[in-house]
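Enquirer: Here's my sequence, what's the structure:
(chains A and B)
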Amino acid sequence: MPNGTIAAHEEHHGHHHPALQHHFQDLDQQHEAATLGMWLFLVTEVMFFGGLILAYTLYRIWYPAAWAIGSEELNIYLGGFNTIVLIGSSLTMALAVRSAQTGAQRATVGWLIFTIVLGLTFLVVKFFEYKEKFELHHVPGPNFQFEGPQSPHVQIFFSLYFALTGVHALHMIIGVGLMSTITFMAYRKRFTPEWYTPVELGGLYWHFVDIVWIFLFPLLYLVDRSHHIV
Amino acid sequence: MSGHISPKSTYITIFGALMVCTILTVLAAFINLGNLNFPVAITIAVFKATLVVLFFMHVKYGSKLTKLIVGVAFFFLGIMLSLTMADYLSRGWYTAARGSTAAGAIVNISGPLTTGNPPLEPGAQNTSPK
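Expert: I've put the predicted structure just below:
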């Protein structure tokens, strides 16, 4: 045994947890490393969405009138509903992690399924919002149609609307896929209070996607409602 | 594993706070605060994000290294936003004839000077740094 620490560890316990990889001293260290890695990934995600939001902010400063007009085309009820759904899904996700921590395996599966259902609800609402935009020819490109002198700049607004919400929706789709895998693992009773890292890290990702929407909802749907600049 | 386990009541309280903030941000959007609408919306969003990061994402109970990484993320985001804004918002101060930072002035800088806006008045260019 090249590593005396591991040898001592195994001698002490006789065996180790099946999830413990040999290059870590114990599950605490492994969990700490995994959490750190997930956060490093989320740092890159912050910069990714940050760049898009920066583009949004710059064009908003340049074309405030087009932004006010474009913003009013978005359905505040659907956007608000989706905000509640997504924050609700963050609550169920947090409760899923808590259930995994306390060893409540059936509750973990239940909360994870609840989270997936809320995530899919968000995506279905988003689908109908997009469908309406396609029918109204508000999708940027050769078929874009918008009345009024602000039309070219409103097209830039809709470009950023689709870029921001599209990339966010893609993250949601990936998130639902991750959650389905984790739910299956939870159903197979893979998680114990000693090892539930996938639930915890999946939760970090899910909460991050929620945070992105917390910024997108006011920026896209709300922020120019009261101004009516024409 | 020695992860911190928050009571259910914590999560439900945070959820309630997030809901209240959502209602506040919607209400604030319908009141004309002039230039303040944008900062108010962003402030509420930052507050909500902070709640999620600290309690739902367990950073409050995380190691110092995790806290450092999270802090670094927002520090660099701040650098990207503030330095870019410092550039774009100040471009018109010296280069546009009427000291305007409006869209037209900025288009004029990036494109040929003869397109778009009327040409600069004689002498106006003297104010721009060489």
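
Enquirer: what's around A:E32, how many residues?
Expert: When neighbours are defined as other C-beta atoms under 10 Å in any protein chain shown, A:E32 has 18 of them. All C-beta atoms are positioned from the backbone trio N, CA, C, and that covers glycine.

Enquirer: Where does pLDDT dip in chain A?
Expert: Within chain A, the ranges that satisfy pLDDT under 70 run A:1-15, A:228-230.

Enquirer: what ranges do the strands span in it?
Expert: Taking DSSP state E as the test, none of chain A falls into strands.

Enquirer: distance of A:W39 from B:S63?
Expert: Applying C-beta to C-beta, to the nearest Å, one obtains 10 Å for the distance of A:W39 from B:S63.

Enquirer: Tell me, please, where in chain B the pLDDT is lower than the cut-off.
Expert: Using pLDDT under 70, the flagged stretches of chain B are B:1-2, B:92, B:94-130.

Enquirer: Are the longest helix seen in it and chain A in contact anywhere?
Expert: Of all the segments assigned as helix in chain B under DSSP state H, the longest by residue count is helix B:64-90. Yes: where contact is defined by C-beta under 8 Å from any C-beta of the partner chain, part of helix B:64-90 touches chain A, namely B:65-66, B:69-70, B:72-74, B:76-77, B:80-81, B:84-85, B:88-89.

Enquirer: Write a ChimeraX command that selects only the buried members of the residues you listed.
Expert: Only the buried entries of those go into this ChimeraX selection, using 16 or more other C-beta atoms under 10 Å in any protein chain shown:
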select /B:66,69,70,73,74,77,80,88
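
Enquirer: Which one of the residues of helix B:64-90 next to chain A is nearest to B:M57?
Expert: Closest approach to B:M57 among those (C-beta to C-beta): B:V70, at 8.4 Å.

Enquirer: show me what contacts the residue nearest to the closest one when sequence neighbours are not counted?
Expert: Distances taken as C-beta to C-beta, 6 or more residues apart in numbering or on different chains put B:V59 closest to B:V70, at 5.5 Å, once the chain neighbours are dropped. The contact partners of B:V59, taken as C-beta atoms under 8 Å, 6 or more residues apart in numbering or on different chains, are B:53, B:66-67, B:70.

Enquirer: Please enumerate the helices of the chain.
Expert: Going with chain A. Using DSSP H, the helices of chain A run over residues A:4-13, A:27-62, A:64-72, A:76-102, A:105-135, A:151-187, A:197-216.

Enquirer: was after chain B, sorry
Expert: Assignment of helices within chain B using DSSP H yields the ranges B:8-29, B:37-51, B:64-90, B:92-95, B:103-110.
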